[in-house]
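S.K.: what follows is a predicted protein model with its sequence.
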There are 2 protein chains.
Amino acid sequence: MARHRVVIVGSGFGGLSAAQALAGADVDVTLIDRRNHHLFQPLLYQVATASLGTSEIAWPIRHILRRRSEVTTLLATVTGVDVAGKAVLLEDGSRVGYDSLILATGARHAYFGHDDWEKFAPGLKTLEDATTIRRKLLLAFEAAEREPDPDKRQALLTFVIIGAGPTGVELAGAIVELARVTLTGEFRRADPGKARVVLIEAGNKVLANFQPGLSDYTLKSLRDLGVEVILGKPVTTIDADGLVYGDTRLDAECIIWAAGVEASPAAKWLGLEPDRAGRVKVTADLSVPEHGEIFVVGDTASITMPDGKPVPGVGDAAKQGGKHAASVIRARLAGDTALKPFRYKHAGDLATIGKRAAVIDFGWIRLKGWVAWWVWGIAHIYFLIDTKNRLAVALSWLWIYLSGQRSARLITQGEAEAKAPIKEVTEA
Amino acid sequence: MARHRVVIVGSGFGGLSAAQALAGADVDVTLIDRRNHHLFQPLLYQVATASLGTSEIAWPIRHILRRRSEVTTLLATVTGVDVAGKAVLLEDGSRVGYDSLILATGARHAYFGHDDWEKFAPGLKTLEDATTIRRKLLLAFEAAEREPDPDKRQALLTFVIIGAGPTGVELAGAIVELARVTLTGEFRRADPGKARVVLIEAGNKVLANFQPGLSDYTLKSLRDLGVEVILGKPVTTIDADGLVYGDTRLDAECIIWAAGVEASPAAKWLGLEPDRAGRVKVTADLSVPEHGEIFVVGDTASITMPDGKPVPGVGDAAKQGGKHAASVIRARLAGDTALKPFRYKHAGDLATIGKRAAVIDFGWIRLKGWVAWWVWGIAHIYFLIDTKNRLAVALSWLWIYLSGQRSARLITQGEAEAKAPIKEVTEA
């Protein structure tokens, strides 16, 4: 009899942990992703703010799984699922048949019906997003250096981050330090020290999911750093020259979107009604209603725990989900068909605020300030996948810590534009 | 009286060395480049072959010159020179006036009248070129893994480099090792070990500028490594499916151009007749005929030494040229208007052949094999600009040396394509 075929779509935290948890099981695994690399998303903001290079937080998927001869890694784009025929459909027209399917396709940033905002306010989900934001940030300073008009120069040096979750908070802190520490003394006309960093949040708190004491501490720390934090004001307009929040118009060149995400089209592939965030509503064991052989895990799955709390869209939830789906498949192959409900264990929340402070909420312990920053740093190095990357990230951080210098201050462009001149950001 | 204004266009080896050699002179310097980074071109092939990350061989120009308060760095695209009005023209319509001008704008790869070949056979001059080639290389292996037809799979795994100068030789050696060492065991259907690496040279020798013994050694070493070296056959056709050299048609997916360069449009800016390679014919002190205040240095200058030898288009010649132009400007400011002819001193030629061998010709000593490889490696780390980059490159090389693993195996895309699916390379 042919071996049980597991197809996993997506090699983020969810898909990769599922593949790893299937090690030794009597299955053939095909892992499909449209990227060749697993990305360590928690540090993506550091690529966007020039602290880390792209290759320091990403690894080739097939390298991670090279010793697993039963795993085939495919770089391919999935366009749908033939649920009745049990096959994943690829863009090139081919089909990959499965006995069990795990969809771990993640989320993209979403603009809540304002898709036209994306070109003015890019979000941060992929390496390309990060180098796009890095280019936008660094080009703003360059344009300010060429700009004779002081008002226009100030608009060029106004950086706005929309959304004060962990990504927004971490970006804001890093941009302040990029301007005030790294770039200081390098410009002759523009003064990076005069850069305004504005963090706008529609809700009434920064890091709303954190315990109130940590949220308040973060707000105070951001303001001490020099971030202008604006709470309770939804953004209503974004255009090429700036944005409107509440009744206020703000001229800004560089706007970053950290306000919301939307799940991948997995629900559409399965012909299911998504929830409001575009996610697939899964059953207790993470499988899909009426199709127990299909699992959806991570940011693209919607599930509530018995205590009424929804599972959050964080990397650790995706990891636990991938592992759970793998364990259900293993149990079934062993003849155990009892329902195995997914129980999400919240390990904690953590976020950095600039170079010297962080907040950590592990539930049983709460940390803030420089102690938290060190714990955050050590934990992130530990969770990186590869020894080489651990060493490289440690070296980059040590360098920033000692010298203030960020080693990845590159303005690079896409292939299509590589031969065209650098895009000018000035009005002139 | 206003200070003497020196404008330098280009921040490669020539422009940067000119700026550095003007330290302490009674001049204001404006350094203009359309990139924000100085690039260490000798290691660019290692970015293209996934050994180094982009940020390891590039530095922000304004950071290098941050302590020089009289130097203004501008990220801008030059469109011409108003020779009579003594001003450089920028793309945004503004003018930058000069008293002395140093053009160090380098060269691009050239296709000798076959510009349509560029889309099939990219060349290697910028970071974007390197990530384009890296993507092309890595996508070929990925496509081979999806390809059921063995002939098509072999065409996908056929890598052709055109031109056997140092860049072509170094690329060929690195691609062989990428296929045979780094990627081994990571594919299930494709066999990277069966990759063909073909180096095609129109002339009769590899490394034609090197001493014959080293050239012969390099040819033998490449063949021992498994590179198919084809000499004396010019390429006459390149298309989407492969190329023709001599009477032979070769199906290949991934073709890299390392066969020729053409100078930047500096001659056109100055209204001068360029030489055959598009370069400006300069006078003995590197200034332009009838315009002693304009200097042209590096790959975009054409000059022959008294012994009849042309100055080669290598980084060290650009460095020496930039330094010389700076010294002429300093002498003139001191009232010394005697002609100071440029005397190029050839320090040597060096090239690596894969991971364990290199050839070095310093004139007074010739080295080959692993000793040369170590000298090459240490020299390149020494010549890197920044301590952080020295450490990072040393770490990456140590890692490759010990584990065979290349840490920058990323397939990334341009901004425009980032949201589109990965480009499929298969015919399917």
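M.R.: Everything's here; your move. Numbers count the residues shown, from 1 in each chain, chains lettered A, B, ... in the order given.

S.K.: show the pLDDT at residue A:2.
M.R.: Turning to residue A:2, the model gives it a pLDDT of 84.

S.K.: checking it next. Helix, strand or coil?
M.R.: On the three-state scheme (DSSP: H, G, I helix; E, B strand; the rest coil), residue A:2 is labelled coil.

S.K.: next one: residue A:176
M.R.: Of the three states, residue A:176 takes helix under three-state DSSP.

S.K.: neighbours of it, how many?
M.R.: Residue crowding around residue A:176 was assessed by other CB atoms under 10 Å in any protein chain shown; the count is 23. In this view, the C-beta of every residue, glycine as well, is placed from N, C-alpha and C.

S.K.: for residue A:327, same thing?
M.R.: Residues contacting residue A:327 under the criterion other CB under 10 Å number 17.

S.K.: just the buried positions in the helix or strand hosting it, please.
M.R.: Assessed by DSSP states H and E, residue A:327 sits inside helix A:315-333. Residues of helix A:315-333 classed as buried: A:315-330, A:332-333 (neighbour count, 16 or more other CB atoms under 10 Å in any protein chain shown).

S.K.: now the strands: where do they sit in the stretch 201-350 of chain A?
M.R.: A:227-231, A:235-239, A:242-245, A:248-251, A:254-257, A:261-263, A:280-281, A:287-288, A:291-296, A:301-302, A:349-353 (DSSP state E, counting those that start in this stretch).

S.K.: pick the most buried one from those strands.
M.R.: Neighbour counts (mean count of other CB atoms under 10 Å in any protein chain shown) averaged over each of the strands of the stretch 201-350 of chain A peak at strand A:254-257, with a mean of 26.

S.K.: now that strand, how far from the centre of its chain.
M.R.: If you compare the mean C-alpha spot of strand A:254-257 with that of the full chain, they lie 15 Å apart, counting by CA atoms, centre = their mean, to the nearest Å.

S.K.: for it, packing partners?
M.R.: In terms of contacts (3 or more CB pairs under 8 Å, 6 or more residues apart in numbering or on different chains; DSSP states H and E), strand A:254-257 is packed against helix A:127-146, strand A:158-162.

S.K.: for it, give the mean pLDDT please.
M.R.: Rounded to a whole number, the mean pLDDT of strand A:254-257 is 96.

S.K.: how many other residues sit next to residue A:204?
M.R.: Here the number of neighbours of residue A:204 (other CB under 10 Å) works out to 9.

S.K.: I meant residue A:299, not that one.
M.R.: Residue A:299 has 32 neighbours, counted by other CB under 10 Å.

S.K.: check what pLDDT it gets.
M.R.: 95.

S.K.: contacting residues around it?
M.R.: Contacts of residue A:299 were listed using CB atoms under 8 Å, 6 or more residues apart in numbering or on different chains, and they are A:14, A:106, A:107, A:261, A:263, A:264, A:279, A:313, A:318.

S.K.: skipping adjacent residues, who's closest to it in space?
M.R.: Nearest in space to residue A:299, with sequence neighbours left out and distances taken as CB to CB, 6 or more residues apart in numbering or on different chains, is residue A:107 at 3.9 Å.

S.K.: got phi/psi on the one you found?
M.R.: According to degrees, to the nearest 10, the main-chain angles of residue A:107 amount to phi -140, psi 160.

S.K.: my guess is it contacts residue A:261. True?
M.R.: Yes: Residue A:107 sits in contact with residue A:261 when judged by CB atoms under 8 Å, with a separation of 4.1 Å.

S.K.: before we move on, back to that, give me the distance from the helix holding residue A:327 to the chain's centre.
M.R.: In this view, helix A:315-333 has its centroid 21 Å away from the chain centroid, taken as CA atoms, centre = their mean.

S.K.: for residue A:247, the count of nearby residues, please.
M.R.: Close neighbours of residue A:247, defined as other CB under 10 Å, add up to 7.

S.K.: any residues touching stretch A:181-192, and which ones?
M.R.: For stretch A:181-192, the external contacting residues (CB under 8 Å, 6+ apart) are A:50, A:141, A:144-148, A:153, A:156-157, A:178-180, A:193, A:355, A:404-406, A:409, B:60, B:62-63, B:66-67, B:69, B:72-73.

S.K.: I misspoke; the intended subject was stretch A:307-314.
M.R.: A:107, A:209, A:261, A:298-299, A:301-305, A:317, A:321, A:342, A:344, A:346, A:349.

S.K.: swap in 7 Å and give it another go.
M.R.: Here stretch A:307-314 makes contact (CB atoms under 7 Å, 6 or more residues apart in numbering or on different chains) with A:107, A:261, A:299, A:303, A:304, A:305, A:317, A:344.

S.K.: so what pLDDT did the first one get?
M.R.: This means residue A:107. 92.
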